[in-house]
Each structure stands twice: as C-alpha cells, then as structure tokens.
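Provided below are the primary sequence and the corresponding predicted coordinates.
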Amino acid sequence: MNAQLTPAGTNPELDAFWMPFTANRQFKAHPRLLARAQGMYYWTADGRQVLDGVAGLWCVNAGHGRREITEAVTQQLTTMEFAPTFQMGHPIAFELANRLAGIAPPGLDRIFFANSGSESVDTALKIAIAYHRARGAAQRTRLIGREKGYHGVGFGGMSVGGMINNRKFFGSSMLPGVDHLPHTLDIERNAFSHGLPQWGAQLANELERLIALHDASTIAAVIVEPVSGSAGVVLPPVGYLKRLREICDKHDILLIFDEVITGFGRVGKPFAAQAFDVTPDLMTTAKGLTNGAIPMGAVFSQRKIYDAFMQGPENSIELFHGYTYSAHPVACAAALATLDIYLKEGLLTRAASLSAHWENAVHSLRGLPHVIDLRNYGLIGAVEMEPRQGKPGARGFDVFLKCFERGVMVRQTGDTIAMAPPLVIEPAQIEHLVETLGQVIRETA
Ligand SMILES: Cc1ncc(COP(=O)(O)O)c(C=O)c1O
C-alpha cells in the first residue's frame with residue numbers, strides 16, 4: 001500500500017475503511033499496518049518485527065501462521081465451501097460440537113454455533129429467555145449484567161454490558177428490563193494482588209438486592225465474564241463466582257459465563273468455569289475457538305436447557321434463532337484443526353504452568369512511575385496507571401504507541417495496558433514483553 005501522506009497528513013487510501021474501536025483520524029495520520037505474522041510475531045508493512053503481547057485480539061492462542069489450520073481450511077474450501085445448517089446439516093458441524101462437548105465443563109454438552117462473541121452473547125441471552133418460556137415461566141425476561149462488563153456490541157450484549165462509552169452514544173436504545181451488578185475492581189483494597197483479589201466475594205450478594213428489587217420471578221439470567229478483559233482486566237475476588245452460582249440456583253436464575261476471552265486455555269484450563277470450579281448454565285465462546293483464523297462463536301448449553309426445548313410436534317422448529325453461517329463448514333474445519341493443535345501441544349493447560357513466571361514478570365513493574373495497580377491471572381496481565389490530570393486515557397495511549405514503536409503490541413483501555421499473549425509464548429519472550437513495557441512506562445511522563 002502506498003503510504004504517501006497528503007500535505008494535510010492524511011492518506012486517502014485509508015479513508016474508506018471506517019475502522020472499529022479506533023481513533024480513525026489519529027490512525028490514518030500515523031498508520032500502524034500489520035502485514036504478516038508467524039509464531040509470536042507480527043511484521044509491519046515496513047518490515048519491523050513486533051512481539052504479539054495480546055494474541056491478536058485475545059484470539060490467536062496457538063500463535064500465528066499455524067499450517068495445520070491453513071491446510072484444514074484450504075481442504076474444506078476445496079471440498080465444500082458452504083452448506084446450510086437450517087433444516088440441513090454437514091458432518092463436521094456435528095463432529096466439532098461433539099469435540100467441544102468433550103472439553104466442556106460438566107453438562108455443557110449442547111452447542112449452538114454463531115460467528116462472533118457478540119452473536120454468541122445475543123444467542124445465549126435469547127436462549128435463556130426462551131428457556132424459561134418453554135418451562136412455563138414466560139414472565140422471566142429480565143437480564144442482569146455487571147458494570148464494566150463487555151459482552152460485545154449487539155443490542156443485547158450492549159445492554160447487559162457495563163462499559164460507559166459502549167453505551168452512552170446509543171441513547172436509550174437498550175433492551176428493557178436490564179439491571180447491573182456492581183463491578184469487582186477495588187484498587188483501594190486490592191491493588192497489587194497476586195492472582196485473584198482476596199477482598200470482594202460479598203459483592204456477589206448485591207444480586208440478592210437486585211432480586212429483592214425486581215422479584216426473582218421476572219429474572220431470566222445473570223451474565224458475567226469470569227475474568228473481564230476489555231474493561232482493563234477485572235478479576236473475580238476469591239469466592240465471588242461461587243456465591244453468584246449459589247444465589248442463581250436458589251432463585252432458579254440461569255448463570256451465563258461469557259468466556260469469549262477466557263475460553264480455550266487463557267486461564268490454565270480449557271475454560272474459566274473449570275479453573276474456578278463453577279459451572280454456568282450457558283457459556284459463550286468465540287476468539288480462540290478457531291485461533292482467530294476464521295470468525296466463529298459457540299454457545300455451550302446445559303443439556304437440561306436443550307431438553308426443555310425438545311417438545312411439541314416433532315417437525316416443528318424448537319428455537320427460532322440461527323445465522324446463515326452458524327457452523328460454517330470452513331469455520332468448523334478451522335476449529336477442528338485448532339482443537340487438534342491445542343490438545344497435541346497441551347495449550348489448554350499451558351497457561352497454568354507459565355502463570356507463576358508470568359505473575360512474577362507482571363509484578364516486577366511495581367514501583368514504576370504512575371503504576372497504581374498490577375493484575376494477573378492465567379496468562380492475562382494488566383498494568384493500571386494513574387490518569388493524567390484532565391486527560392483520562394492519554395497516558396495509556398502514549399504507552400501503547402511507544403510499545404508498538406519498540407516492537408511490542410499490547411492493548412490499551414483507558415490508562416490500563418492489558419496483555420494476553422499467545423499461549424505458546426516462551427519465558428524469554430515474557431521477559432522481553434514486560435521489560436519493554438516497563439522501559440516505556442519509565443520514559444512516559
Ligand atoms: C467477554 C467478551 N464477550 C464478547 C466479546 C465480543 O466478541 P466479538 O468482538 O467477537 O463480537 C468480547 C470481545 O472482546 C469479549 O471480550
């Protein structure tokens with residue numbers, strides 16, 4: 001691509017692409033173009049090597065350029081590029097669902113396919129509401145999300161989500177009947193916790209308050225990320241998720257875990273549900289499902305939920321929901337090849353063996369200027385910095401840009417830098433990632 005800038009500092013070749021979640025004008029004046037990737041690295045359009053500290057966007061768990069995935073996708077495209085899954089089927093969709101059920105938390109062995117995290121979330125919310133209706137509790141339509149939650153950008157996900165900027169520009173066009181739990185980030189009490197924070201399990205009791213307010217008989221589901229990434233890595237306090245599970249059980253409310261970033265090995269087990277030993281009723285996934293190679297999402301459902309729909313005349317459609325590309329054959333092929341890699345290379349548990357090293361590396365940044373918190377769990381890390389006065393996010397953005405200039409890609413949310421490297425990262429690369437970030441923080445006023 002011609003990177004010539006006009007005198008005004010813009011590049012007309014970059015104008016047409018309205019970039020998502022991007023400062024378009026800043027980017028187009030100073031483009032950061034990635035051209036090639038292999039293993040732990042990207043290469044920019046001008047040939048610079050960049051260590052991938054965030055697995056693309058929390059998705060390339062097995063590292064870049066995996067030949068096995070390319071071959072599986074190529075083979076599938078040659079054999080059958082598309083087949084419908086509305087009233088038809090194709091074998092690898094069933095094979096993939098069975099394989100996923102095999103690594104799922106207990107009982108979550110009915111799989112509905114979507115094409116992204118956002119679609120998975122909207123699918124799970126709809127299943128939850130329709131499930132209660134199928135059992136004769138049609139008044140259970142309320143959904144409870146959480147402040148700072150990120151559940152994608154569909155109207156459902158946006159409504160249960162709790163990130164202010166993702167909501168405020170869209171006025172009141174949210175789902176009705178949604179409420180939010182308080183978030184669990186408490187820097188005053190928990191700053192610099194190693195792993196899960198000790199304080200805060202009682203925040204789950206706020207669910208009892210919301211239930212008292214709305215009455216359990218109106219509530220369909222509670223949705224939370226076991227560990228949230230997009231809000232700048234927010235960890236569940238010890239015991240918090242178990243408590244949420246207990247309260248949901250007591251009131252017959254479904255618990256949905258949004259595992260779009262935690263799924264497929266990020267926290268040292270296939271899913272966070274297993275790492276925390278808390279089994280949800282529905283679990284949303286995407287990203288690592290295909291190693292990011294082809295868009296795909298999957299909702300894992302408890303069998304009892306699926307069974308509740310299997311009633312009425314046998315030739316009637318049980319759930320009026322689906323996407324043209326649900327279980328797209330090419331995505332299925334990518335996911336099967338990805339699963340093979342994960343299992344062969346032990347990647348679904350590798351984060352557990354690296355996590356002590358990772359924790360030490362992340363916490364080595366303690367004491368650097370402006371660093372007010374460090375958080376880690378599995379192969380997730382976050383550095384929270386004090387905002388510049390009157391300029392929230394400016395310091396975080398500077399650090400992100402400088403890291404990229406120094407050949408390290410991290411992710412910035414406000415003044416928090418998040419890291420979630422491919423699970424194939426080696427200890428020396430962890431050091432390089434964290435040391436570069438540390439140098440940049442030192443140099444950034
Ligand atoms: C927890 C969670 N849910 C949903 C999504 C949305 O996924 P997608 O961007 O694939 O729609 C994300 C994306 O980061 C996420 O982190």
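Now that the structure is in, tell me what you want to look at.

got the residue ranges for the strands in the stretch 151-300 of the chain?
Taking DSSP state E, counting those that start in this stretch, the strands of the stretch 151-300 of the chain run over residues 178-181, 219-224, 254-258, 282-285, 297-301.

Dump those strands to TSV, plus mean neighbour count, mean pLDDT and distance to the ligand.
Every C-beta, even on glycine, is put in place using the N, C-alpha and C of the backbone. TSV is the format used below for the strands of the stretch 151-300 of the chain (neighbours: other CB atoms under 10 Å; pLDDT from 0 to 100; distance: least, CB to the nearest ligand atom, whole Å):
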stretch	mean neighbour count	mean pLDDT	distance to the ligand
strand 178-181	20	98	15
strand 219-224	28	98	9
strand 254-258	29	99	4
strand 282-285	28	99	7
strand 297-301	27	99	7
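
among these, which is nearest F309?
Within the strands of the stretch 151-300 of the chain, the stretch nearest F309 is strand 297-301; the backing value is 9.5 Å (CB to CB).

Can you say which of the strands of the stretch 151-300 of the chain is nearest to I425?
The closest of the strands of the stretch 151-300 of the chain to I425 is strand 282-285. By CB to CB, the value is 21.3 Å.

quick one: strands adjacent to that closest one?
If you go by DSSP bridges, strand 282-285 pairs up with strand 254-258 (parallel), strand 297-301 (antiparallel).

and the gap between the closest residue to P106 other than its chain neighbours and R110?
Nearest residue to P106, sequence neighbours excluded (CB to CB, 6 or more residues apart in numbering): T279, at 5.6 Å. According to CB to CB, to the nearest Å, T279 stands 14 Å off from R110.

now do L77
Distance, L77 to R110, using CB to CB: 28 Å.

surely A104 meets F271?
Yes - contact criterion CB atoms under 8 Å: A104 and F271 qualify, at 7.1 Å.

residue contacts, the closest residue to the ligand within the stretch 201-350 of the chain?
Proximity of the stretch 201-350 of the chain to the ligand (CB to the nearest ligand atom) peaks at V260, 3.5 Å away. Shown in contact with V260 (CB atoms under 8 Å, 6 or more residues apart in numbering): 58, 117, 120-121, 152, 225, 284-287, 297.

Give me the more crowded residue out of L77 and R110.
Between L77 and R110, counted using other CB atoms under 10 Å, the more crowded position is R110 (20 against 13).

So in terms of bridging, what pairs with the more buried one?
Applying DSSP bridges to R110 gives these bridge partners: S301.

Verify the contact between it and F300 for me.
Yes - under the criterion of CB under 8 Å, R110 makes contact with F300 at 7.4 Å.

still on that earlier bit, of the strands of the stretch 151-300 of the chain, give the one that comes closest to T70.
When the strands of the stretch 151-300 of the chain are compared by CB to CB, strand 297-301 sits nearest T70, at 21.1 Å.

how much distance is there from that closest one to the middle of the chain?
13 Å (CA atoms, centre = their mean, to the nearest Å).

got it, and stretch 352-363?
Taking CA atoms, centre = their mean, one finds stretch 352-363 lying 20 Å from the centre of the chain it belongs to.

who's in contact with F21?
Listed by CB under 8 Å, 6+ apart, the contact set of F21 is empty.

Check the gap between it and I305 for me.
Taking CB to CB, one finds F21 at 32 Å from I305.

who are the neighbours in contact with the closest residue to T290 other than its chain neighbours?
Among residues not flanking T290 along the chain, A334 sits closest, at 4.1 Å (CB to CB, 6+ apart). Going by CB under 8 Å, 6+ apart, A334 touches 69, 72-73, 290-291, 293-294, 296.

quick revisit: which members of the contacts of V260 occur in helices, if any?
Using DSSP state H, 58, 117, 120-121 are the members of the contacts of V260 that sit in helices.

Including pLDDT, neighbour count and distance to R209, could the residues you listed go into CSV?
What follows is the ones in helices among the contacts of V260, written out as CSV (pLDDT from 0 to 100; neighbours: other CB atoms under 10 Å; distance: CB to CB, whole Å):
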residue, pLDDT, neighbour count, distance to R209
W58, 98, 24, 32
G117, 98, 29, 29
S120, 98, 33, 29
V121, 98, 31, 24
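
Now flag whichever of those is closest to the ligand.
G117 (2.1 Å).

In this protein, what helix or strand scores lowest on average pLDDT?
Ranked by mean pLDDT, DSSP states H and E, the weakest helix or strand in the chain is helix 164-168, scoring a mean of 89.

Next up, phi/psi of the residue of the stretch 201-350 of the chain closest to the ligand, please.
In terms of degrees, to the nearest 10, the main-chain angles of V260 are phi -60, psi -40.

how about the nearest residue to it, chain neighbours excluded?
Excluding its sequence neighbours, the residue lying closest to V260 (CB to CB, 6+ apart) is G117, at 3.7 Å.

Get me the contact residues on this structure for the ligand.
Proximity of the chain to the ligand (CB under 6 Å from any ligand atom) is limited to residues 116-118, 121, 150-152, 225, 229-230, 258, 260-261, 286.

which of these are buried?
For these, a neighbour count by 16 or more other CB atoms under 10 Å gives the buried set as 116-118, 121, 150-152, 225, 229-230, 258, 260-261, 286.

Compute the number of surrounding residues for V399.
V399 has 23 neighbours, counted by other CB under 10 Å.

List the buried residues in the one helix or strand it maps to.
Counting by DSSP states H and E, the element that carries V399 is helix 394-405. Neighbour-count burial for helix 394-405 flags 395-396, 398-404 (criterion: 16+ other CB under 10 Å).

can you list contacts of it?
With CB under 8 Å, 6+ apart as the contact definition, helix 394-405 has outside contacts at 32, 50, 53, 370, 385-388, 409-417, 436-437, 440-441, 443-444.

What segments of the stretch 101-250 of the chain are helices?
For the stretch 101-250 of the chain, the helices defined by DSSP state H, counting those that start in this stretch occupy 117-134, 155-160, 164-168, 187-190, 206-214, 240-250.
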